[in-house]
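Participant: 3D model of this:
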Amino acid sequence: MRYHFSGIAGAGVNPLARLMRARGHQVQGSDRSFDQGKNRDVADELCALGIEVRPHDGSAITRDLDRVVFSVAVEDDTPEMRRARELALERVARPALLAEIINGGHPSVAVAGTSGKSTITGMVAWLLRESGLPATVLGGAARVDERGVGCLMAGPDGGPVIAEACESDGTLVGYRPTVGLAHNISRDHAEVEALRTQFGAFAKNCRKLLANAACPEASALARTIGGVTYGIAAGADLPLEVITPGPDRARGALHAGAAGVLSLDVPQPGVHNLENAAAAALVALELGVPAAAIGPALARFPGVARRFQVIGATARGIRVVDDYAHNGEKIRAALTTAQAGADRVIAIFQPHGFGPARFLRAELRALVPRLLRSQDRFCYAEIFYGGGTVARDISGKMLADDLPPELGCGYAENHDAVVRWVAREARKGDTVLLMGARDPDLSRLARAIFRALDDPAA
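Facilitator: The predicted structure is shown next:
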């Protein structure tokens, strides 16, 4: 078949395009970021795989295409979508194609939850690779030692499939996996009441459900349908003991039923990463990874890009960390993990869109003052704008002004201003934590911060 992927630079669409190419289909794609001169490395990698990169202006949509797969970030009135309708081409939303792949897996695993999905999926991919078990794995973030966008292992068609299943677009109800994982359910993209309905339908479609007992919503879901619970909460079917959350590594023990007690020693700190490792271990056991192989492999896990990724430590002992945190629960996890390893944290948060900023505004107004210690510093970077039609009626400055004056919240109108603000604030022994999603330049910003702080003349 001949596919066109609209929004091919995105972390959800990109791995799917590469998988379709690996399975022998003809693939082309476009992205507005390419037209803006951004993400050239992504475009080059796609071309090297035999995927044709075309302009995002509608000219790539021709009658010889079999399917047009589109990101949910691509508006319905873009030239590509209008042209696809005019030609009566089959249009497939990215989650619908993912559901086809998951539902065609034997067996299949859907990793769901409002936090931790990408890390869990990356850990499962690592365990399968290290164990030599062939499978298709699709996730939203590459390992730190990989190039490319998103996580992809291209296994045999009709073989095992493990995929990250996102609730943000309301499509969890389309997945019918052999094993479903509900890692957590918290306010993100929608209120919990709306998410509860979607996760409930997802759970009923799973032949087996694994749910995190530490999350009240996920635990209640498991009780309703007879799922299996894991985690640090009392009464979990498969208990997780936390030995230490860091500051450099998280260590614990997972009581995995018939598989015995698995020792977990994860190179990424934080209780949340230990919970991620426990979930990944249980999925790996379902897929046939030997219990004895799981602990040693996880101890070597290199980590997932932009998930508490340590960029480096300067000569003055300032550690720079890049993290994908973009909602309340993720910000809490990233900040508390950083605080456990440093007496002082210099935190920057860039909201990932105007809609999300409006949705999170009241929550952030209450959350940030509770999380920060008196010595910590916090800055809002200006809201990321990825293009398209959107109401730009809120700003990073407005979010900064929401916080109590005594916090001295900073505001940076662009990435250069972020670097300058950090350079003024950071001092010996601090941890600098950059948080935000969607913006492809955030990784570059983290490295720019590190270079500025590591400059002997600074």
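
Participant: what is the neighbour count of the closest residue to Ile383 other than its chain neighbours?
Facilitator: Closest residue in space to Ile383, ignoring its immediate chain neighbours: Pro351 at 4.6 Å, by Cβ to Cβ, 6 or more residues apart in numbering. For every residue, glycine as well, the C-beta is placed using N, CA and C. Using other Cβ atoms under 10 Å, Pro351 is surrounded by 28 other residues.

Participant: so what pLDDT did the closest residue to Ala280 other than its chain neighbours get?
Facilitator: Nearest-residue entry for Ala280: Met123, 3.5 Å, with adjacent residues in sequence omitted and distances by Cβ to Cβ, 6+ apart. At Met123, the model reports a pLDDT of 97.

Participant: so what's the residue nearest in space to the middle of the chain up against?
Facilitator: By Cα atoms, centre = their mean, the chain has its centre lying nearest to Ser118, at 4.5 Å. By Cβ atoms under 8 Å, 6 or more residues apart in numbering, Ser118 lies in contact with 139-141, 151, 164, 304, 307, 324.

Participant: pretty sure it is in a helix, no?
Facilitator: Yes - assessed by DSSP: H, G, I helix; E, B strand; the rest coil, Ser118 belongs to a helix.

Participant: how much space between it and Gly155?
Facilitator: To Gly155, Ser118 is 19 Å away according to Cβ to Cβ, to the nearest Å.

Participant: over to Thr314?
Facilitator: From Thr314 across to Gly155, the span is 41 Å (Cβ to Cβ).

Participant: my guess is Gly7 contacts Ala17. True?
Facilitator: No - contact between Gly7 and Ala17 fails when scored by Cβ atoms under 8 Å: they sit 9.7 Å apart.

Participant: what is in contact with the two at once?
Facilitator: Gly29.

Participant: more neighbours: these two, which one.
Facilitator: Shown here are Gly7 and Ala17; by other Cβ under 10 Å, Ala17 has more neighbours (29 against 25).

Participant: count the residues that sit near Asn414.
Facilitator: Asn414: 11 surrounding residues under other Cβ under 10 Å.

Participant: what residues are up against it?
Facilitator: Shown in contact with Asn414 (Cβ under 8 Å, 6+ apart): 381-382.

Participant: ditto for Pro302
Facilitator: Listed by Cβ under 8 Å, 6+ apart, the contact partners of Pro302 are 126, 143-145, 267.

Participant: now the helices for the stretch 301-450 of the chain?
Facilitator: For the stretch 301-450 of the chain, the helices defined by DSSP state H, counting those that start in this stretch cover 328-340, 354-371, 396-402, 415-425, 442-454.

Participant: so for the second one, what's the average pLDDT?
Facilitator: So that's helix 354-371. What helix 354-371 shows for mean pLDDT is 94.

Participant: quick revisit: among the helices of the stretch 301-450 of the chain, which is the most enclosed?
Facilitator: Ranked by mean neighbour count, the helices of the stretch 301-450 of the chain are led by helix 328-340 with a mean of 21 (mean count of other Cβ atoms under 10 Å).

Participant: what residues does that one touch?
Facilitator: So helix 328-340 is contacted by 114-115, 184, 186-188, 245-247, 269-270, 272-273, 308, 321, 323-325, 345, 347, 349, 360, 363-364, 367-368, 371-373, 376, 431, 433, 435 (Cβ under 8 Å, 6+ apart).

Participant: can you list the domain ranges for this protein.
Facilitator: Following automatic domain parsing, one finds the domains of the chain at 2-93, 104-298, 309-454.

Participant: and Gly105, which of the helices of the stretch 301-450 of the chain is closest to it?
Facilitator: Closest to Gly105 of these, according to Cβ to Cβ: helix 328-340, at 27.9 Å.

Participant: tell me the angle the closest one makes with helix 354-371.
Facilitator: Orientation check (axes from the mean of the first three to the mean of the last three Cα atoms, to 10 degrees): helix 328-340 against helix 354-371 gives 40 degrees.

Participant: where in the chain is the helix or strand with the lowest mean pLDDT?
Facilitator: helix 192-205 (a mean of 87; mean pLDDT, DSSP states H and E).

Participant: just how off-centre is that helix within its chain?
Facilitator: Distance, stretch centre to chain centre, for helix 192-205: 20 Å (Cα atoms, centre = their mean, to the nearest Å).

Participant: now the helix or strand following it - C-alpha only, PDB.
Facilitator: For helix 192-205, the following helix or strand on the C-terminal side (DSSP states H and E) is strand 208-212. Taking C-alpha atoms only, strand 208-212 is exported to PDB below (Å, rounded to 0.1, in the frame of the first residue of the first chain):
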ATOM      1  CA  LYS A 208      -6.300  -9.200  31.400                       C
ATOM      2  CA  LEU A 209      -5.800  -5.900  33.200                       C
ATOM      3  CA  LEU A 210      -2.800  -4.900  35.300                       C
ATOM      4  CA  ALA A 211      -3.400  -1.800  37.400                       C
ATOM      5  CA  ASN A 212      -1.300   0.300  39.800                       C
END
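
Participant: state the mean pLDDT of whichever helix or strand comes after strand 208-212.
Facilitator: Beyond strand 208-212 in the direction of the C-terminus, DSSP H and E gives the next helix or strand as helix 216-225. Mean per-residue pLDDT for helix 216-225: 92.

Participant: swap in stretch 18-31?
Facilitator: For stretch 18-31, mean pLDDT rounds to 96.

Participant: could you turn the buried ones of the contacts of helix 328-340 into a ChimeraX selection?
Facilitator: Command for ChimeraX, covering only those of these found buried under the criterion 16 or more other Cβ atoms under 10 Å:
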select :114,115,184,186,187,188,245,246,247,269,270,272,273,308,321,323,324,325,345,347,349,360,364,367,368,371,372,376,431,433,435
